[in-house]
Structure formats: C-alpha cells, structure tokens
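Undergrad: Got a sequence here, can you build the structure:
(2 chains)
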Amino acid sequence: MVLKGTKKKIMGTYVQPGSVGAGPYLLETRGLTKVFGSLTACDHVDLKIRKGEIHALLGENGAGKSTLVKMLFGSLEPNEGEILWDGSPVRIPSPSAARKLGIGMVFQHFSLFDALTAAENIALSLDQDTPISTIAAKARDLSKSYGLPLDPGSLVGDLSVGERQRIEIIRCLLQTPELIILDEPTSVLTPQEADRLFETLERLRDEGKSILYISHRLEEVKRMCNSATVMRHGKVVDHCDPRQETAASLARMMVGTEVKSAERTPAMTGKSIELLGICGLSRKPAGPFSMPLKNIWLSVKSGEVLGIAGVAGNGQGEFFEAISGEVLQDDPDTVRVCGKPAGRLGISGRRLLGAAFVPEERLGHGAAPRMRLSENLLLSRHETDRKAFLGSLGMVAGAAISSATQRIIEAMDVRKSAPDPEAASLSGGNLQKFIIGRELDRQPSVMVVNQPTWGVDAGAAARIRQALIELARAGSAVLVISQDLDELFEISDAISVMHNGELSEPIAIADATFEKIGLLMGGAEPGHVDHHEEVA
Amino acid sequence: MGIIEAILLTIATAATPLLIAAVGELVVERSGVLNLGVEGMMIMGAVTGFGVALLTGSPWLGFLAAIIIGALFSLLFAVLTLSLVTNQVATGLALTLLGLGLSGMIGESFVGMPGVRLANLYIPVLSDLPVVGRLVFGQDPIFYLSIALTAGVTWFLFKTRAGLTLRSVGDNHGSAHALGINVIAIRYLAVMFGGACAGLAGGYLSIVYTPQWVENMTAGRGWIALALVVFASWRPWRVLAGAYLFGAVTIGQLHAQALGIGIPSQLLSSLPYLATIVVLVLISRNRRLTMINTPASLGRPFVPDR
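TA: Presented below is the predicted three-dimensional model:
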C-alpha cells in the first residue's frame, strides 16, 4: 500500500529500475482490485508491461496472480481500478474481448475439452470464419515450427499433461496475439522442451510481442525476463530486474522469508529390504493413443527414493495405474508390496499391504473436487483406517475424521479459507500438500507419487519434497515419477528413465548427470514423434 | 396392401414421435442440460396441436402451434434452470407434472371430438410401386421430416462450428466460458430446440398417430425418448435405431395379443420397453465410445464466477 501511495503520483514518468529502454507500455493496470467476499484477492495492483519484453509475475500460490491474470483476460471483472491498453483505458468484459484486443492466454489449469480432438479444441478458440478442415494442417505446421510435437487428431482425454499444454500454447499462438500470458508453462516440460519454448518466446519477443510469464522456477525467470513484478498476499511488493537478482533473493521477495531447498539426508546404512518390486510388468495400450508397457523390472528398497524421469506421455501414467491397482495384472507376482504378491489386488487391497498412492491429476483423481477435505480423507482411507473412521458398525466417525483432517492440515501447513473446505476451493499447491499429507499420515511402507509438485509453488514444493525424503529415511520405499529433473536430482537416491514404455536400469545419483539422463530420455523428441506418427 | 406392409407402416408411425422428441432432447443434453420435462412438453404439444388443427381445420397450423408451445414450455424450464439456477432434475419433473395437468384442463372440451387428418404423401407411380411404394414414398410428411431431422442434427453436431461449440459447452462449461463462449445463451437455444421437437412429437401423436385427444395420451413416450438418448450414447442414428426398435416391438406385441398368444398381455405390453433397453445397453457396451460421447457437464449447473 505504501508503494502504491508514492508511485501513483509519479505514474506517468515512473520507469521500472533496470528495464530495457523506455519503450511505451503495451498494458498497464492502475489500482486494480478484486474482492471475493471478505478476501481481497488483488489489492490495488499496478502492473506495467512494455512492448517486446518478457515480464515475469512472481508470487506464491494464493498471492493473487491468477486473479490478476483472469481480470486481464476478461474472465473476472475488477471491482476497482483501470486497465490501459496501448495507453488508452479499456474495459475487458469477456475473454473474447481480450482476444480481440490481442491478449492470448495459456492456462495453468487447462481449459481443454476432453471429449474433443486437439484440432477441435484449437478450432474453438479461433475466429468464427476459420474453416475447421484447415485447422488440423495449420496446427501441425505450427507445432513443427515451434518444436511442440502434436497430433491434431488425438482426443484430449487420452493425452498427458505435457501434451495438453502444447495444445494450449499452439492454440494461443494461432491467434497471433500482441500479449501472451503464460501461467506456469514449463512445469510439465523436459529441459529440452523448455529450452525450445524459451527459444519460441524469445523469438516472439524479438517480433515485438510482449509476454507475461508466470512461473515459480526462478532460474528461468532470471534467464528470460527483463523485468518482474512480485506479488504477495494480493499486493505488489516489488518490481525488479530478475537478471540482477539471485534465485535466493527472488524467492525471498516472493515468500517474504528465506526458502530452503529440500535437504537430502544421507541414505540409510545397514540392511535394507525390498518393499516394492515390479517383475516383468507388461501392458497392452489401453486406448488407441496410449503407450504399452514393455517388460518393466524395478525394485525399491526400504530407505530409498527412486526417481522415474521421462518425457510426458512415455507410459508414466500407464505405469502408475498398474502399480496403484487401478489396472490389475494377470500374475499376482508382477507387483509385490512388502514382499507380498499384489498383482491381482485393487487399490484398497494394495493400500492394506502398506502402500500409498498419489496420482498425477489432483482434482478428480487424487481428490473429489466438490467434497470436503474430511470427506476426501474418508474416501481414500475407508479401508485402511476402517476401525478409526467407520467403527465396528460402519458408521462415519465424524470426530475421528475431522481430527485426522486437522492433523494433516497442520502437519503439511495447508492454507485454506474455511475450516473444512471443498477440495476444489484449495489452490493447487495446498491441495497437493493435503493429498500427500493424507497418505503420509498413514506412515506407509511404500509410497508411489506421480508428479508430486506439478504447478505447485516453491514453498509448498520444498515442503512436499522434504516430506518424501523424510518418509524414506524413516524406512519406507518411495517411488517418484516426475517430469521435473531438478526435483528428481534433489530428492532421489537413484534415477530410472522411462521411454516408449520401457524403463532403464537405475542410475545412482552420484553417477547421474543431466546429460546422461537427458540422453536416456531418448534424445527426448525422436521417440516421441515416432509414437505420434504410429497413431496418426 | 399386404399385412406385412401395413405392419411396417404402423411401425414407422409409432417410431416417429419418439424419434423427434429424442433427437431434440439429444441436442439439449449435448449442451449439458438434462431436461426431464419431455413428457410434459409433448403432452402440451399434443393438446395444443389438436386444438389448433381442430379450430382452424389445418393440420399444419396445428403442428406449428405444437412447436411453439413446446418451445415456450421449455423456455420456462430454461429461465428456471439456467438463469435462476434451480435444480434441473426437480424442475424437469415439475414441468412434466405441470404439462400433464394443464393439458388435461385445456383439452377437456376436445375429448371425443374427431381430429383433423393429415394426408399422406402421394407421388403418382412411385407411391404405387409394389411393397416399397407406400413405405418409401407414401408416408405422412412428418415421417420424412423426422428422418431429415436426424440427419440434420448429426451434420450440425459433428460437421459445423456451431455444433462443435455446443458439444464443447456440454463437455466442459468452465473451459467454454474461459474461451469466451456464451454458455448460457447456447444452452437456452438448445433447450428451446428440444422443446420445439418435443412439442412437434406431441402434435404428431394427436394429429397423425391417433387423430383425437385423450388425456395423458403421451403414455410415457417422453420418458422412453429420454431413455433412448442415454442408451444411444448421445448419437442421433442410434436414437433412430432405438426408436424404430421400440416401434417394432410395440406393434409386434399388439399383433401378438390380437392373435391370442398364451402370454399375459401385461407382459407383452412391457416388451417394447424391455427390448429397447436391452438392445441399447448391448450396443453401448463400448465404454470408450460412451465416455467420449457422454456430455461431461450433463445436469451440472453453471454459474459464471463474476
């Protein structure tokens, strides 16, 4: 608020420290405010984006970034303040108005339609007069030239998170916007894919387009962005030039306090036993667009964190389904949990043997969106904690469940707006903390997590990673499937790579390098493109 | 005219109202709205169509009135569920009850009056062809309209941009809204199209199928239409197959009853319902196709976050 008071007077002449040149502003907000009930999500936010710059918007989950961006894109209407486009005040009542102005958006929670094909999804956001028949070809060309492999005919419901994001990006680029808003764009990309995206963005910047870049990966922001606006608790707390800052100083601005990265305590010494064993797991492709699994062998011992790296859509989702028991195996010995055959057991059966699972998709898979946290707790643990939560008569024990919910919320520092809110009302990071906490609370012997920190802010991610390491050090076996290589290097004791439905031998972390893992990812792209040509 | 030909003709007549109502409801549900008021809209269409045809002497004006009243009745549903965000299931049921009651009151004076008949199509030579002549070239005009409607809706849904937009709203109204699609407006139009179809189907019952007014004359056909849509996995040509199957078994069991087959008539009367459901369940076994075709936002209320 102090900032706002002093800055408003000199708005016209105010130049952000360190910004390149003093080009005109493409977009400017003055005192933009959005209030939801008693919560002020955005409190007099001033944001200025120049033509031809990549501007970072930094902030933790719940800092108000999404609300701000929604107002810029016309999905929400501000209560107060104004938006200037090219120097003149504008009202943006709807997303189509935003698009007409020249604002394009790549959403974090993708706004895609599962039952439609990639091409149809793209068609929906283009001009009414664009013939649908030409869109597939256009999308294919654009995806090639920007290095974002995509099969326009595939159904979105069959695609992985990474592939869905490509659709979002291509859809946005096809509208040739002046300002592109990207919300956490690299959180599902491999280093190579991210590098390509950066090239794309830099090319767009050189073409004179502006980019508003929301990310929690501070290294990227430092590398790409010429200016940044930092938000905390709905207010702008700082403007800076990220190139002049360190990752640590940026994190400090965002969070307000120091952020520690997860600390990898030395692996347990002494006798360790195999807790999770996969022996010759194969699986036929479930749908026309999904990956087969080919003879996978794997063993995770007590005290160990095993990481599985791989490009999106190489069979990780299918692999997780097979381990978690969403899909059963013919031979019970294919999956062994704590030494017992589990191949023919369902999810609850495997949980009862001591395993815990956290799927990739938080809403709809990891949690029922319209149900309260306590109800979600009961849903996942009604078998394993039957005595405590359901009693001998099978009646819901409300007190026990709410105290367990409270315990998880405190243990994982879940921030929420109501005592027991609906899962869908939590931000991604907070919901993920709850889901992970729900499983950790059982002290599982085997923990399998798919994409533990996707779209989660730095503070929450560090907390989740630390919790996984601590669980392993307490004697459990932890299997982490992730597309985030930084994350895997931070927490794993060994890394295997999944490519084309096959799993590599694990590489001990001491011997693993980005290059080595990157190579195993199959040069990443060729294998992936093959896959798409097969199905096309 | 042989007995087989007569049976086939009556099958088409029995299937047509189901087909029209179900195709209309299919469009409504593809947009993500569940309107359980089909029966109510049909019976309103039936009484209005009969009354207007009787008073003006023109079956065509009767059909037009049936269409208009069906659309108006569904507009009531749309205002309640889309603008005032009432529960769709409860509102649909209320619409049916309202329609049944209101039509009984309106139609009191029509009971026992002879209806206005609609002439069948007659094309010289073609309609006189043996066997196929009457079946293909000699039916009532609404029969041809119902086939065209099925083809038209298929084309609209899967080949046009407006159809794509409508399906996207039914799949994920949140995403559609984020893209700037006017979810509520599209649903209003879809609901009113469904209402118009249900009204026409009702008008067909009282003008063509049995040209008279009887209270509750829809006899649950609105519900069968609703079931057809679901079991046909929201695909128009499967709706047509289901409607004709239902029509065939209905007519077949009537003839069986007439022949005095030793099966209780109550059991025979329930056959069309059983057969239709069993067959449609069997053909919708492909779960992947069902998954793709089921409108994911069906019945879920939409309130834009403003």
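
Undergrad: First-to-last residue distance for stretch B:101-110?
TA: End-to-end span of stretch B:101-110 (C-alpha to C-alpha, to the nearest Å): 15 Å.

Undergrad: Show residues contacting it.
TA: Outside stretch B:101-110, the residues that touch it by C-beta atoms under 8 Å, 6 or more residues apart in numbering or on different chains are B:43-44, B:46-48, B:50-51, B:54, B:213, B:215-216. Any C-beta I mention is one placed from the backbone N, CA and C, and that applies to glycine too.

Undergrad: Now do the buried residues in that stretch.
TA: Using 16 or more other C-beta atoms under 10 Å in any protein chain shown as the test for burial, stretch B:101-110 gives B:103, B:106-107, B:110.

Undergrad: out of these, which one sits closest to B:Leu280?
TA: Ranked by distance to B:Leu280 (C-beta to C-beta), these are led by B:Ser103 at 28.6 Å.

Undergrad: Tell me how far that closest one lies from A:Gly310.
TA: Using C-beta to C-beta, to the nearest Å, one gets 63 Å for the distance from B:Ser103 to A:Gly310.

Undergrad: next one: A:Leu179
TA: Distance, A:Leu179 to A:Gly310, using C-beta to C-beta: 34 Å.

Undergrad: got it, and B:Leu93?
TA: 51 Å.

Undergrad: circling back: would you mind putting the contacts of stretch B:101-110 into a markdown table with secondary structure alongside?
TA: Output for the contacts of stretch B:101-110, formatted as a markdown table (DSSP: H, G, I helix; E, B strand; the rest coil):
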| residue | secondary structure |
| --- | --- |
| B:Ile43 | helix |
| B:Met44 | helix |
| B:Ala46 | helix |
| B:Val47 | helix |
| B:Thr48 | helix |
| B:Phe50 | helix |
| B:Gly51 | helix |
| B:Leu54 | helix |
| B:Trp213 | coil |
| B:Glu215 | coil |
| B:Asn216 | coil |
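
Undergrad: And these, which of them are buried?
TA: By 16+ other C-beta under 10 Å, the contacts of stretch B:101-110 give B:43-44, B:46-48, B:50-51, B:54, B:213 as buried.

Undergrad: closest to A:Phe514 among these?
TA: For those, the closest approach to A:Phe514 (C-beta to C-beta) belongs to B:Met44, at 69.7 Å.

Undergrad: list the contacts for the closest one?
TA: Residues in contact with B:Met44 (C-beta under 8 Å, 6+ apart) are B:69-70, B:73, B:99, B:102-103, B:199, B:202.

Undergrad: Close to chain A: what parts of the stretch 101-250 of chain B are there?
TA: Proximity of the stretch 101-250 of chain B to chain A, by C-beta under 8 Å from any C-beta of the partner chain, involves residues B:161, B:164-165, B:167-168, B:171-172, B:174-181.

Undergrad: Ramachandran angles for the residue of the stretch 101-250 of chain B at minimum distance from chain A?
TA: Residue of the stretch 101-250 of chain B nearest chain A, by C-beta to the nearest C-beta: B:Gly180 (3.3 Å). With angles defined as degrees, to the nearest 10, B:Gly180 sits at phi 90, psi 10.

Undergrad: my read: it touches A:Pro95, true?
TA: Yes: taking contacts as C-beta atoms under 8 Å, B:Gly180 lies within contact range of A:Pro95: 3.7 Å.

Undergrad: what residues do those two have in common as contacts?
TA: The contact lists of B:Gly180 and A:Pro95 share A:Gly74, where a contact means C-beta under 8 Å, 6+ apart.

Undergrad: quick one: contacts of stretch A:262-276?
TA: A:298-304, A:323, A:336-339, A:354-355, A:445-446, A:448, A:462, A:465-466, A:469, A:473, A:475-477, A:479, A:490-491, A:493.

Undergrad: In three-state terms, label B:Gly24 for me.
TA: Using three-state DSSP, the structure places B:Gly24 in helix.

Undergrad: tell me the pLDDT at it?
TA: Per-residue confidence (pLDDT) for B:Gly24: 97.

Undergrad: Give me the buried stretch members for the host helix or strand of A:Met231, please.
TA: Using DSSP states H and E, A:Met231 falls within strand A:227-232. Neighbour-count burial for strand A:227-232 flags A:227-232 (criterion: 16+ other C-beta under 10 Å).
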